[in-house]
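Undergrad: Predicted model and sequence follow; I will ask about them next.
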Amino acid sequence: MASFMLNPDEFPPLTRGNSPELTRPSQESAQSRAQTTATTSVQPKQPDFQKVFLANQNPSPIGTVNTINGRPTITFSDDETHSLAAAFRFALVGKFSHGSPPFSQLHQLLAKTGIKGTFTVSMINRKHALIIPSIESDYSRLWLRRIWFLNGFPMRVLKWSPTFSTAHESPIVPIWASFPELPAHLFKKDVLFSLAKFIGTPLQIADSTFNQSNLSKARVCIEIDLLKPLVEEIDINIFGSTIVQKIVYEQVPYYCSLCKHIGHQDSECYSKGDIPKPPSRSRGNKRADVEDKQKRNVGDRYVPVSVSAFDQNETAHADNDTQANVNDPEISEQKPYVNEVVCWRLGN
């Protein structure tokens, strides 16, 4: 191997004039740092148990605890209930009576329905999912459609309430009501909402009513309670004269007070035992099963309607880009049913 000789003249000595001298750390400082390091490494940050264990925080008591008829009972006041349920203002319940897609796909399938804001979905049990949109327009759009097909499975949309139970369906439903031949100057949202409050909670008005393109009737979507009688007329006083305003309701479903389900009258309820149940449905075609049951159970109060007509009459005015979900191949993933019947009779 070749050897190399270095010439010392090529490497002048380092200048030491004002350069700081390197000093060996004292034994005392080295021990101090070692102790600090050891202390840091062997003493991890202690958790805040006050935050971990709620009982240690001594929270303000909620509800009134007592014993009634020998049973432990807690009673929440109306104010407490409203406070606890505030985060569930837009909560809906999706009910799958004929099977459901895997929960891992549910969020993605719901997102394809055109939801614009964020939302959460949680399974309550195998038939019920809690859906909480973050914005009111998504809440209205999901609820007013009443039924969605997710991967071929029908999902009915019910209103959530603080007293919700999976054993009972809520009697609160959105219904379109019309005020035929209402005076033209009353085609205003605030006026119509005032009229609608005699019936229930107003949700929205139809586009044709908002832009006054159809003055033959004013249409308002109203949240009603099926357990209460419907208001048929309202007296309107103008300049000392009284106008008797009739109200026409569109597709009001039955509600059974026996089994607490939407879709049939008490006289038609299987729970009485004197009404034979239909034969079990095949699991091959979920849509056909639903349509067959609808055809069997159609009553005088129901008018079956095609999906396209249903969308035009009840959801198109919710937002202009509303599309018929059941005819969307990305969501249904089946051949679209152009004249598929949509109504409330979907069973338990």
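TA: On my side now, so go ahead.
Undergrad: how about Ser257, what does it touch?
TA: 227, 266 (CB atoms under 8 Å, 6 or more residues apart in numbering). Using the backbone N, CA and C atoms, a C-beta is placed for each residue, glycine as well.
Undergrad: do that again at 10 Å, thanks
TA: By CB atoms under 10 Å, 6 or more residues apart in numbering, the contact list for Ser257 reads 171, 226-227, 265-266, 269.
Undergrad: List buried residues within the residues you listed.
TA: In terms of neighbour count (16 or more other CB atoms under 10 Å), the buried residues within the contacts of Ser257 are 171, 226, 269.
Undergrad: picking that back up, would you turn the contacts of Ser257 into a markdown table with secondary structure?
TA: A markdown table is the format used below for the contacts of Ser257 (DSSP: H, G, I helix; E, B strand; the rest coil):
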| residue | secondary structure |
| --- | --- |
| Pro171 | coil |
| Leu226 | coil |
| Leu227 | coil |
| Gln265 | coil |
| Asp266 | helix |
| Cys269 | coil |
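Undergrad: Among the residues you listed, which one sits closest to Lys159?
TA: Taking CB to CB as the measure, Lys159 lies nearest Pro171 of those, at 9.1 Å.
Undergrad: What sits closest to the closest one if chain neighbours are left out?
TA: Leu226 (4.2 Å; CB to CB, 6 or more residues apart in numbering).
Undergrad: Pretty sure that neighbour sits against Pro253.
TA: Yes. Counting by CB atoms under 10 Å, Pro253 is a contact partner of Leu226 at 6.9 Å.
Undergrad: Residues in contact with both of the two, list them for me.
TA: With CB under 10 Å, 6+ apart as the test, Leu226 and Pro253 both reach 171, 173, 175, 262.
Undergrad: So which of these is the closest to Asp207?
TA: Using CB to CB, the shared contacts of Leu226 and Pro253 come closest to Asp207 at Ile175, 17.7 Å.
Undergrad: What helix or strand is the closest one located in?
TA: Under the criterion DSSP states H and E, the helix or strand holding Ile175 is strand 172-180.
Undergrad: Same check on Gln105?
TA: Gln105 belongs to helix 103-111, assigned by DSSP H and E.
Undergrad: Check which helices and strands that helix is in contact with.
TA: Judged by 3 or more CB pairs under 10 Å, 6 or more residues apart in numbering; DSSP states H and E, helix 103-111 is in contact with strand 119-123, strand 128-133, strand 147-150, strand 153-159, helix 329-332.
Undergrad: a markdown table for the shared contacts of Leu226 and Pro253, including distance to Tyr249 and pLDDT?
TA: Listed next are the shared contacts of Leu226 and Pro253 as a markdown table, based on distance: CB to CB, whole Å; pLDDT from 0 to 100:
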| residue | distance to Tyr249 | pLDDT |
| --- | --- | --- |
| Pro171 | 15 | 93 |
| Val173 | 11 | 93 |
| Ile175 | 6 | 93 |
| Ile262 | 15 | 90 |
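Undergrad: Contacts made by the helix holding Gln105 with the rest, please.
TA: With CB under 10 Å, 6+ apart, helix 103-111 has contacts from 94, 96, 100-102, 118-123, 126, 129, 131, 133, 138, 142, 148-151, 153, 155, 330-331, 333.
Undergrad: Okay, buried residues for it please.
TA: Under 16+ other CB under 10 Å, the buried positions of helix 103-111 are 106, 109-110.
Undergrad: Closest to Ile238 out of these?
TA: Closest to Ile238, out of all of the buried residues of helix 103-111 and judged by CB to CB, is Leu110, at 46.2 Å.
Undergrad: Give me the pLDDT for the closest one.
TA: Note for Leu110: predicted pLDDT of 93.
Undergrad: The buried residues of helix 103-111 into CSV, with extra columns for distance to Ile247?
TA: As requested, those are exported to CSV (distance: CB to CB, whole Å):
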residue, distance to Ile247
Leu106, 38
Leu109, 37
Leu110, 34
